[in-house]
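>>> coordinates only, sequence not included:
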């Protein structure tokens, strides 16, 4: 995400490869390391079906990206998804997109990343659930303090973490594929899986539930649309950056777990997952390179994950600041610290919200709630492509979704199937996610009345 200049104009500084870097940087975080254990568990420890789930997750993300690319190329404005939802449906949906960031998506993202960074160290230390939560809260507190100080060096840290976060992933892929001597069973047998006995409904249910677990690893790709106005040639570069980066990320993720399966025997993977030792890739390096390799991966991974959490800590309060200035968030969020020039109260309150989410949720619960919430909004945005075509037929559309209406409808159906499966198998996460959206409506109506009936416009949301 980029900075908005005080005079209200944007610098056209983002090219196609910078766009790819932004998407990859937002997507590649903690999920790839630990979500594979959840995917395996939901497929009955089937290596073949788990890879199917990862690929399906990538395909759904890619075709969603195609739809977002049409919206971004035809409306290259700051605000991205908030603007699309407001214009296609009603301003209340743009508000829900911003308000849910505070209640769950943004704050929960910081919470999940902090917990993921600590959970990784269970491979070398005996950490209880309580200890993980305590350390995660301390990480959130540290990020809050740093961002309150407005430390310029944090920009250098972010650039540094962007490069470092790729080191352990590439190391695991190369080492695993080069040294692994296992012949993993990648067959699509249903024996021992939740879909045992066959039936297309059972298979779809199993793959859908497993795929849902993988989506957090792909999350964040839509943020490029929020800075479309700062791209040099958004009508061409935005679709190219989204599609290229998401295809690349899907390939990396599939290779990552193929490398894991090449090194770790199936029975060892089962034992690790059952003991909640979730970081299978770390075990690959531990066996291949010993303790030194383990610590290289852990340190690099932590730098990258904390860097991702810092992006949210830094940027999300800016959204709340813009909403407050527009009259749709408490005024306290619109306060800028005179000395450091940061939305200090927004940073403090948002960090506090993240700490609360850490206290009352497990890492898997947080992940499921985040993905369910974003899936609702993403599905609505994908369908908005059809609405916008009808509502604004004269807007120039230099890029249109490949496959047209069929692709759009298939994507929406895919999201619906995933959410129904999640609702059945993880009802708590689904109810919380739906509740966040429902609660946002009366809050919107309150601020709308307070603003004399003026609709929310989502101006300045980055």
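Sure, I can see it. Quick caveat: nothing in here was measured; it's all calculated off a predicted structure.
>>> Test my guess that residue 302 contacts residue 116.
No: contact between residue 302 and residue 116 fails when scored by C-beta atoms under 8 Å: they sit 9.6 Å apart. The way it works is simple: take the backbone N, C-alpha and C, and place the C-beta from them, glycine included.
>>> The two - which one has more neighbours?
Set residue 302 next to residue 116 and count neighbours by other C-beta atoms under 10 Å: residue 116 wins out with 29 against 21.
>>> per-residue confidence at that one?
The model reports residue 116 with a pLDDT of 89.
>>> From residue 44, how far out is it?
24 Å (C-beta to C-beta, to the nearest Å).
>>> tell me the phi and psi of the spatially closest residue to residue 121 that is not a sequence neighbour?
Nearest non-adjacent residue to residue 121, counting by C-beta to C-beta, 6 or more residues apart in numbering: residue 127, 6.2 Å away. Backbone geometry at residue 127, expressed as degrees, to the nearest 10, gives phi -110, psi 130.
>>> what about residue 127, distance to residue 244?
When residue 127 is compared with residue 244 (using C-beta to C-beta), they lie 38 Å apart.
>>> Run through the neighbouring helices and strands of the helix or strand harbouring residue 345.
Using DSSP states H and E, residue 345 sits within helix 344-360. The contact analysis (3 or more C-beta pairs under 8 Å, 6 or more residues apart in numbering; DSSP states H and E) places helix 344-360 against helix 106-119, helix 129-149, helix 280-325.
>>> Ok, which of those comes nearest residue 191?
For the helices and strands packed on helix 344-360, proximity to residue 191 was assessed by C-beta to C-beta; helix 280-325 is nearest, at 22.2 Å.
>>> quick check: angle from the closest one to helix 106-119?
Interaxial angle of helix 280-325 relative to helix 106-119 (axes from the mean of the first three to the mean of the last three C-alpha atoms, to 10 degrees): 160 degrees.
>>> which ones are touching residue 168?
33, 281, 285, 296-297, 300-301, 304 (C-beta atoms under 8 Å, 6 or more residues apart in numbering).
>>> what about 10 Å?
Contact partners of residue 168, counting by C-beta atoms under 10 Å, 6 or more residues apart in numbering, are 32-33, 120, 281-282, 285, 293, 296-304.
>>> about what we covered before: most packed of the helices and strands packed on helix 344-360?
By mean neighbour count, with neighbours taken as mean count of other C-beta atoms under 10 Å, helix 106-119 ranks first of those at a mean of 28.
>>> pretty sure residue 295 is touching residue 285, no?
Yes: contact criterion C-beta atoms under 10 Å: residue 295 and residue 285 qualify, at 9.4 Å.
>>> before we move on, back to that, now do the shared contacts for residue 302 and residue 116.
With C-beta under 10 Å, 6+ apart, residue 302 and residue 116 have common neighbours residue 30.
>>> mind checking the SS state of residue 454?
coil (DSSP: H, G, I helix; E, B strand; the rest coil).
>>> did I read that right, residue 336 in a strand?
No: using three-state DSSP, the assignment for residue 336 is coil, not a strand.
>>> Next, count neighbours for residue 208.
22.
>>> go on, the one 5 residues further on?
Residues lying near residue 213 (other C-beta under 10 Å) number 28.
>>> ditto for the one 4 residues further on
In terms of burial, residue 217 registers 27 neighbours under the definition other C-beta under 10 Å.
>>> go on, residue 388?
19.
>>> Now that it has come up, it's in contact with residue 84, right?
Yes: contact status for residue 388 versus residue 84: in contact at 7.3 Å, counting by C-beta under 10 Å.
>>> Common neighbours of the two, please.
Contacts common to residue 388 and residue 84, judged by C-beta under 10 Å, 6+ apart, are 71, 74-75.
>>> State the mean pLDDT of stretch 266-274.
91.
>>> which parts of it are buried?
269, 272-273 (16 or more other C-beta atoms under 10 Å).
>>> okay, those residues in a markdown table with distance to residue 137 and secondary structure next?
A markdown table is the format used below for the buried residues of stretch 266-274 (distance: C-beta to C-beta, whole Å; DSSP: H, G, I helix; E, B strand; the rest coil):
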| residue | distance to residue 137 | secondary structure |
| --- | --- | --- |
| 269 | 31 | helix |
| 272 | 26 | helix |
| 273 | 26 | helix |
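>>> ok, so of the residues you listed, who is nearest residue 165?
residue 272 (22.7 Å).
>>> Need the residue closest to the centroid of this protein.
For the chain, residue 219 is the residue whose C-alpha lies nearest the centre (C-alpha atoms, centre = their mean; 2.5 Å).
>>> if I pick it, what's in contact with it?
26-27, 29, 31, 61, 105, 109, 367, 370-371, 374-375, 378.
>>> elements contacting the helix or strand that contains residue 252?
Taking DSSP H and E as the definition, one finds residue 252 inside helix 234-263. Secondary structure elements in contact with helix 234-263, counted by 3 or more C-beta pairs under 10 Å, 6 or more residues apart in numbering; DSSP states H and E, are helix 16-27, helix 31-42, helix 47-74, helix 166-179, helix 200-218, helix 266-274, helix 280-325.
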